[in-house]
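>>> Generate a structure from the sequence data that follows.
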Amino acid sequence: MISAVEGMARHLQSIVGWHRGLVAVLLGGFAVLALPPVYLVPALFVSLTGLVWLIDGSATKRDAFFAGWWFGFGHFVCGLYWITNALLVDAAQYGILAPFAVAGLSLGFALFPALAAMAAFRAPQGFGRVVILALSWAVMEWVRGTILTGFSWNLIATAFAFSPLWIQSVSVIGSYGLSLVVVFLAALPSTLSSGERAHDGGIRARFTPVLFGLVVFGLLIGGGAVRLGQTPIISEPAAFPKTRLRIVQANIDQRLKWQRNLGRAHFEKYLRLTHSPGPVPGQAPDVVIWPETAVPFTLNGSDRQIRTLMMGVPKNGLLITGAVRTTPPGIKPFRVRNSLVALNAKGIIATYDKHHLVPFGEYVPLGRYLPLNKITAGRTDFTAGPGPRTLSLPGLAPFSPLVCYEAIFPGRVTASSDLSGPRPRWLLNVTNDAWFGRSSGPYQHLAAARMRAVEEGLPMVRAANTGISAVYDAYGHLLGSLPLGVGGVLDVALPPSLAQRTIFSKTGNISFAILLALVLLFYRMQLRIYRPV
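Next up is the predicted model:
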């Protein structure tokens, strides 16, 4: 076995020229198989081990940089290919941009793995290089999720999102911290290709790093099992008795969604699903939830529009829906907002405006200078809301609204970091993943939502136009879902939140920073004991 591993390592280390870039692209693309919806986790061990061996074979830090860059390009092209679907919704106007958009974004995002690879090159070959690659990869994911409004899509941590057992650690270290652990474990087999010499001249067993990795993996899974095996400590105050939710998934194709002649039919479909018989005859849901931009007209606050929307309000209950809101006629300046609106039998009682807008999808950065239009309907850019909020509605536990991809950002899904301030008891993500088509995009988006539930210790309720609508409890257990591309309703009781806040919900990504400091301390201690051969 060792000789075979050494042979593969020597082969990858010896590749030069354009073949080296091609191998890096293939390895990066292969790693995507570990992400949703495939979850072929062993693909990460092949890909990241191969990346380390390419770094080992680099003569200069420039070579290592480009090994990481081409790896990242393959990784993001295969992971974000679904962006082409969004541009093909209006193929006549944007179709020609599809291949250039995916390639351009991938080349840009590849900078982050490239910097991680260059940092790893500066570390001693072997165990130390694996540690620094994992650390720098996780840091670069955090940077990617923060810089220029951020895009923390497809974090490596989501390779473990197929099971709540594997992701309980994010309640402490967050998704960026779990990414560090995943990269560390997946790259460890690279150390089998060479031994390390101790100060006393003895040869360190080649399997020691891998055995150490097995211990880390055992702690990760064992800790998850212990957390899930404990009697759940949940909170369900008497002020908020068990609430019956109905999530409506109308499954309206994005190409048809805003056609004026179909607006009435779309609205009637939502009403028909809303008032269809439930699991208990004669018992209406307490809260009906429609997805992002479900309302087939722009909502400007007119009495007629509000009366129309109130047709979806259940008896003695609430309707929460996504809607495009505009300023009332005659009010200047004219504004358009991607909003969540709550109504009861009296009318609109609360609104939330999406604050984390999608560049080029909902607004054009530097639009004054770029001759481009956003790809969503209408010429006017959306106006961002003021920020995260906690909505408190009559008879309903307070919740944090998240519109579309606002749910993908670790540590940024609730309104207040002040421990004495208001705290939501659940998360509501309304989204329209019809833009992604029948691709991996909706599954990747769903996995991110599941991670937020475990991080915050709050249930996640998700309503999606074409799917995947789902409800997760505060531990990440799936309580119900509607599959992609299917219309219907999901009736489920609102799960309670945890009585005690998770460590991550209290500290946010500070816990990730603490983990980084501990890993660096461990790395320096390791350097004092061992030196590379």
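>>> C-alpha only now, for contacts and for neighbours.
Fine.
>>> Poorly predicted segments of the protein, please.
Counting by pLDDT under 70, the chain contains low-confidence ranges at 1-2, 194-206, 231-241, 366-375, 377-378, 416-421, 526-533.
>>> Taking the centroid of it, which residue is nearest it?
In the chain, the centroid-proximal residue (Cα atoms, centre = their mean) is residue 448; its distance is 3.0 Å.
>>> how far away is that one from residue 158?
7 Å (Cα to Cα, to the nearest Å).
>>> quick one, domains of this protein?
Domain assignment for the chain by automatic domain parsing gives 2-231+509-532, 244-499.
>>> Start and end of the longest one, how far apart?
Start-to-end span of domain 244-499 (Cα to Cα) is 21 Å.
>>> Show me the strands in the stretch 51-200 of the chain, by range?
196-198 (DSSP state E, counting those that start in this stretch).
>>> what's the neighbour count on residue 436?
22 (other Cα atoms under 10 Å).
>>> typo on my end, it should be residue 8
Neighbour tally, residue 8, other Cα under 10 Å: 16.
>>> what about it, helix or strand, and which?
In the assignment (DSSP states H and E), residue 8 maps to helix 2-14.
>>> Also residue 470?
Per DSSP H and E: strand 469-472 holds residue 470.
>>> elements contacting the helix or strand following that strand?
Per DSSP H and E, strand 469-472 leads on to strand 478-482 as the next helix or strand towards the C-terminus. When contacts are defined as 3 or more Cα pairs under 8 Å, 6 or more residues apart in numbering; DSSP states H and E, strand 478-482 packs onto strand 469-472, strand 488-493.
>>> neighbouring strands for the first one, and are they parallel or not?
Read that as strand 469-472. Strand 469-472 has these partner strands in its sheet, going by DSSP bridges: strand 460-464 (antiparallel), strand 478-482 (antiparallel).
>>> so residue 504 makes contact with residue 168?
No. Assessed by Cα atoms under 8 Å, residue 504 is found out of contact with residue 168, at 11.1 Å.
>>> which of the two has more neighbours?
residue 168 (29 against 24).
>>> Provide the count of other residues in contact range of the closest residue to that one other than its chain neighbours.
In this structure, residue 168 finds its nearest non-sequential neighbour in residue 224, 5.0 Å apart by Cα to Cα, 6 or more residues apart in numbering. Neighbour count of residue 224, defined by other Cα under 10 Å: 20.
>>> Going forward, count from 15.
Shifting the count to begin at 15 puts that one at residue 238.
>>> Mind listing residues that contact the helix or strand harbouring residue 238?
In this structure, residue 238 sits in helix 222-243 according to DSSP H and E. Helix 222-243 has contacts (Cα atoms under 8 Å, 6 or more residues apart in numbering) with 141, 178-183, 198-199, 202-203, 205-206, 489.
>>> go again using 10 Å as the cut-off
140-142, 144, 178-185, 192, 195-196, 198-206, 209-210, 221, 489-491 (Cα atoms under 10 Å, 6 or more residues apart in numbering).
>>> was I right about residue 477 contacting residue 485?
Yes. Applying Cα atoms under 10 Å as the test, residue 477 and residue 485 come out as touching, 8.7 Å apart.
>>> Might you report the residue contacts of residue 416?
Here residue 416 is in contact with 306, 353-354, 366-370, 402-403, 422, 427-428, 441-445, 463, 476 (Cα under 10 Å, 6+ apart).
>>> How much space separates it from residue 470?
14 Å.
>>> now do the same end-to-end measure for stretch 437-451.
Using Cα to Cα, the end-to-end distance of stretch 437-451 comes out at 35 Å.
>>> how far out from the middle of the chain is that stretch?
11 Å (Cα atoms, centre = their mean, to the nearest Å).
>>> before we move on, what about stretch 526-540?
26 Å.
>>> Now it: buried residues?
Judged by neighbour count (16 or more other Cα atoms under 10 Å), stretch 526-540 contains these buried residues: 526, 529-530, 533, 537.
>>> which one among those residues gets closest to residue 454?
residue 526 (27.8 Å; Cα to Cα).
>>> Who are the contact partners of that closest one?
152-153, 156, 184, 186-192, 194, 518, 532.
>>> I'd like those as a markdown table, with distance to residue 512 appended.
Compiled in a markdown table, the contacts of residue 526 are given as follows (distance: Cα to Cα, whole Å):
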| residue | distance to residue 512 |
| --- | --- |
| 152 | 28 |
| 153 | 29 |
| 156 | 27 |
| 184 | 15 |
| 186 | 14 |
| 187 | 17 |
| 188 | 17 |
| 189 | 19 |
| 190 | 22 |
| 191 | 22 |
| 192 | 21 |
| 194 | 26 |
| 518 | 13 |
| 532 | 28 |
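>>> just those residues now: which is nearest residue 23?
Nearest to residue 23 out of these is residue 194 (Cα to Cα; 23.0 Å).
>>> wouldn't that closest one be in contact with residue 130 here?
No. Using Cα under 10 Å, residue 194 is not in contact with residue 130, being 11.7 Å away.
>>> Those two - which one has more neighbours?
Set side by side, residue 194 and residue 130 show more neighbours around residue 194, with 27 against 24, by other Cα under 10 Å.
>>> Look up how far residue 148 lies from the more buried one.
From residue 194 to residue 148 the distance is 5 Å (Cα to Cα).
>>> what touches both of these two?
530, 533.
>>> list the contacts for the residue lying closest to residue 283 once chain neighbours are set aside?
Counting by Cα to Cα, 6+ apart, residue 283 lies nearest to residue 264, which is 6.8 Å off, once chain neighbours are set aside. Going by Cα under 10 Å, 6+ apart, residue 264 touches 280-281, 283-288, 304-305, 308, 478-481, 499-503.
>>> Quick check on these: which are buried?
For these, buried by 16+ other Cα under 10 Å: 280-281, 283-285, 287-288, 304-305, 308, 478-481, 499, 501-503.
>>> Which members of those occur in helices, if any?
280-281, 283-285, 287-288 (DSSP state H).
>>> got a list of what residue 39 touches?
Residue 39 is in contact with 33, 81-92, counting by Cα under 10 Å, 6+ apart.
>>> how does it look with 6 Å?
Neighbouring residues of residue 39 by Cα atoms under 6 Å, 6 or more residues apart in numbering: 84-85, 88.
>>> repeat for residue 186
517-518.
>>> what comes up buried for stretch 71-83?
71-72, 75, 77-83.
>>> possible to save those as JSON lines with distance to residue 64?
Shown next, in JSON lines, are these (distance: Cα to Cα, whole Å):
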{"residue": "71", "distance to residue 64": "11"}
{"residue": "72", "distance to residue 64": "13"}
{"residue": "75", "distance to residue 64": "17"}
{"residue": "77", "distance to residue 64": "15"}
{"residue": "78", "distance to residue 64": "13"}
{"residue": "79", "distance to residue 64": "15"}
{"residue": "80", "distance to residue 64": "14"}
{"residue": "81", "distance to residue 64": "10"}
{"residue": "82", "distance to residue 64": "11"}
{"residue": "83", "distance to residue 64": "14"}
